[in-house]
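Undergrad: build the 3D model from these lines:
(chains A and B)
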Amino acid sequence: MLQIECPWCGARDQEEFQYGGEAHIVRPENPDSLTDAHWADYLFNRTNVKGVHAEQWCHAAGCRRWFNVLRDTMSYKILAAYRPGEQPPGSEE
Amino acid sequence: MSAKHSSLIEIETPVLRPGSDGQTLFWMQEHAFCVHLNLRGDSSSSVFSEAVGAVTGTAPPEHPNTCVSSEHCRLAWLGPDEWLLIGVHEDFGPAPLEERLAPLHHALTALSGGQTILRVGGENWRNVLASACPFDLHPRVFGEGACAQTVIAYTNVLLMPVEDPDRGEALDIVVRRSFADHLARWLMDAAAEDGFEFLSPVGSP
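TA: Predicted coordinates for the structure are as follows:
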């Protein structure tokens, strides 16, 4: 069982959370001007990293807020949790 | 108009069922028909906090997982811009607050019919709850003035430690009315070994 650090509520059991897929995916500004391949890439293709992965989680049974988590997909270790709109810790703008 | 019924009408109370060694180390009691209001707004705006304070007697708590009480009501933190307001008296309605907040960006939703309060206590209440709740209930980290939303037996709940005037240290569990029966039966089953007493509900329709 994982313990996830909600940016508001602190460390809570994984049972209280819902997974929401990869984080920091930006919707293209002008979908009309995209090719089908580009649009499909935005909709369906994910990085599927082996290692540190930025992903969205929702504290569904707690404060019901979405936030981002850095998790190592090999060890399942949670490295950081940060609020939406913030950059992952350690990254440069 | 039909009469109001307690969410736990299917369970005939009071129930007294001592444990295997004759002791009763757990009790529970529904606090029915309280006024529940969900309040949303921007607590960093002093105008909002003051407007809420003027009606409820206390500003909404800004610190996560804390609750405050006044003589009229209790206000529990649910999210960065969301609180649960529980009226102590039945006549604590949404109208005065709605009037006061009207010019401000806010949302006030009446939940009174949608949820109820189950108060639990007794010598072994932490052990009984720990068997189905992933949240740490130890008094070192969860004492009076705290609150927490979590799950008990797969049911979403809000927990608030309280001091029961008659029975001492206790815990208020705010639960959806449709899950209240499941939760109460689950707790009765969990407490069977320790022995439990299920008191008749407090509050009138």
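Undergrad: specify the beta-bridge partners of the residue positioned nearest the centre of chain A.
TA: Central residue of chain A (Cα atoms, centre = their mean): A:Glu55, 1.9 Å from the mean position. Taking DSSP bridges as the rule, A:Glu55 bridges to A:Glu22, A:Val69.
Undergrad: interface residues of chain B facing chain A?
TA: Residues of chain B that fall close to chain A, judged by Cβ under 8 Å from any Cβ of the partner chain: B:64-65, B:78-80, B:82, B:134-135, B:148-151, B:156. For the C-beta atoms, the positions are set from N, CA and C on the backbone; glycine is no exception.
Undergrad: CSV for those, including pLDDT and distance to B:Ala190?
TA: Formatted as CSV, the residues of chain B next to chain A follow (pLDDT from 0 to 100; distance: Cβ to Cβ, whole Å):
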residue, pLDDT, distance to B:Ala190
B:Pro64, 96, 28
B:Asn65, 96, 24
B:Leu78, 97, 26
B:Gly79, 95, 29
B:Pro80, 94, 33
B:Glu82, 96, 30
B:Pro134, 94, 15
B:Phe135, 95, 15
B:Ala148, 97, 19
B:Gln149, 97, 20
B:Thr150, 97, 16
B:Val151, 96, 14
B:Asn156, 96, 18
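Undergrad: most neighbours of all the residues you listed, which one?
TA: Per-residue neighbour counts (other Cβ atoms under 10 Å in any protein chain shown) across the residues of chain B next to chain A peak at B:Ala148, which has 27 neighbours.
Undergrad: dump the residue contacts of it.
TA: Residues near B:Ala148 by Cβ atoms under 8 Å, 6 or more residues apart in numbering or on different chains: A:Cys9, A:Gly62, B:Asn65, B:Phe135, B:Phe142, B:Leu158, B:Leu159.
Undergrad: let's see it at 6 Å
TA: By Cβ atoms under 6 Å, 6 or more residues apart in numbering or on different chains, B:Ala148 lies in contact with B:Asn65, B:Phe135, B:Leu159.
Undergrad: nearest to A:Gln18 among these?
TA: B:Phe135 (16.9 Å; Cβ to Cβ).
Undergrad: in chain A, which spans are helices?
TA: Ranges of helices in chain A, per DSSP state H, are A:36-44.
Undergrad: got the residues of it near chain B?
TA: A:Trp8, A:Cys9, A:Asp13, A:Glu15, A:Ala61, A:Gly62, A:Cys63, A:Arg65 (Cβ under 6 Å from any Cβ of the partner chain).
Undergrad: scan the residues you listed and report the most crowded one.
TA: Top of those by neighbour count (other Cβ under 10 Å): A:Gly62, with 27 neighbours.
Undergrad: in the chain, where is pLDDT below threshold?
TA: No chain in the question, so chain A it is. A:92-93 (pLDDT under 70).
Undergrad: should've been chain B
TA: For chain B, the ranges with pLDDT under 70 are B:1-2, B:205.
Undergrad: for whatever residue of it ends up closest to chain A, helix, strand, or coil?
TA: At 3.4 Å from chain A, B:Pro134 is the closest residue in chain B, using Cβ to the nearest Cβ. Following DSSP: H, G, I helix; E, B strand; the rest coil, B:Pro134 is assigned to coil.
Undergrad: list phi and psi for it.
TA: phi -80, psi -10 (degrees, to the nearest 10).
Undergrad: can you give me the distance of it to A:Gly20?
TA: Distance of B:Pro134 to A:Gly20, computed by Cβ to Cβ, to the nearest Å: 20 Å.
Undergrad: ditto for A:Arg46
TA: A:Arg46 is 12 Å from A:Gly20, by Cβ to Cβ.
Undergrad: more crowded one of the two?
TA: Here A:Arg46 and A:Gly20 are compared on neighbour count by other Cβ under 10 Å; more neighbours surround A:Gly20, at 15 against 11.
Undergrad: let me see the contact set for the closest residue to that one other than its chain neighbours.
TA: Of all residues not flanking A:Gly20 in the chain, A:Gln56 sits nearest, at 3.6 Å (Cβ to Cβ, 6 or more residues apart in numbering or on different chains). Taking Cβ under 6 Å, 6+ apart, we find A:Gln56 in contact with A:Gly20, A:Gly21, A:Ala23, A:Trp66, A:Asn68.
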